[in-house]
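Colleague: quick one, what's the 3D model for this:
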Amino acid sequence: MYGSYYSPTTVSNITAQVTKQIEVFHQRAIKANYVCLFLDATYLPLRRDSVQREAVYIALGITPVGIKEVLDYRIAPSENAGVWSEMAEDLKQRGLKQVQLIIADGMVGLQPALFQIPKMPSTCYA
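Modeller: Numbering: from 1, shown residues only. As a prediction, the model looks like this:
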């Protein structure tokens, strides 16, 4: 691709380094409170044995000073409440303290997952 050749060993070494960075990303502590938390999934074509469209779940937080942060992401064959519940529980265990507004689509079964996320007393689930 693009006129470059990489040996299988080089590709394996690059993959190993990226895998370590991904693990660190998924395990990092979340120290901020968030004014807003956006939860959504989008479908992207991913290559495994063949190319299939899979759901990429994304949790995006906005801090009180307006900084956007990708808090976590997951990949699964399809969107379902179980994956959202796992993601919400993981965010909570990693230190998510407060959210004032959670914005998500109306996927069936998502609301119970949202109740796992720590919220301020006036939190609105949109």
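Colleague: ok so residue 96 is a strand residue?
Modeller: No: judged by DSSP: H, G, I helix; E, B strand; the rest coil, residue 96 forms no part of a strand; its state is coil.
Colleague: what's near enough to touch it?
Modeller: The contact partners of residue 96, taken as CB atoms under 8 Å, 6 or more residues apart in numbering, are 30, 34, 71, 117, 118. Where C-beta positions appear, they are placed from N, C-alpha and C, glycine not excepted.
Colleague: does the fourth one count as helix, strand or coil?
Modeller: Following three-state DSSP, the label given to residue 117 is coil.
Colleague: please look at it and residue 99 and confirm they touch.
Modeller: Yes: in terms of CB atoms under 8 Å, residue 117 counts as a neighbour of residue 99; the distance is 5.7 Å.
Colleague: quick check: neighbours shared by those two?
Modeller: residue 37.
Colleague: who wins for neighbours among the contacts of residue 96?
Modeller: Neighbour counts for these were taken using other CB atoms under 10 Å; the highest belongs to residue 34, which has 27 neighbours.
Colleague: run through the bridge partners of that one.
Modeller: The bridge-partner assignment for residue 34, based on DSSP bridges, gives residue 99.
Colleague: go ahead and confirm it touches residue 99.
Modeller: Yes: contact status for residue 34 versus residue 99: in contact at 5.0 Å, counting by CB under 8 Å.
Colleague: between the two, which contacts overlap?
Modeller: Common neighbours of residue 34 and residue 99, counting by CB under 8 Å, 6+ apart, are residue 61.
Colleague: bridging residues for residue 74?
Modeller: On the basis of DSSP bridges, residue 74 takes part in beta bridges with residue 57.
Colleague: longest helix anywhere in the protein?
Modeller: Secondary structure assigned by DSSP state H gives helix 8-27 as the longest helix of the chain.
Colleague: quick check: closest non-adjacent residue to the residue nearest in space to the middle of the chain.
Modeller: Nearest to the centroid of the C-alpha atoms of the chain, with distances taken as CA atoms, centre = their mean, sits residue 73, at 2.0 Å. Counting by CB to CB, 6 or more residues apart in numbering, residue 73 lies nearest to residue 58, which is 5.0 Å off, once chain neighbours are set aside.
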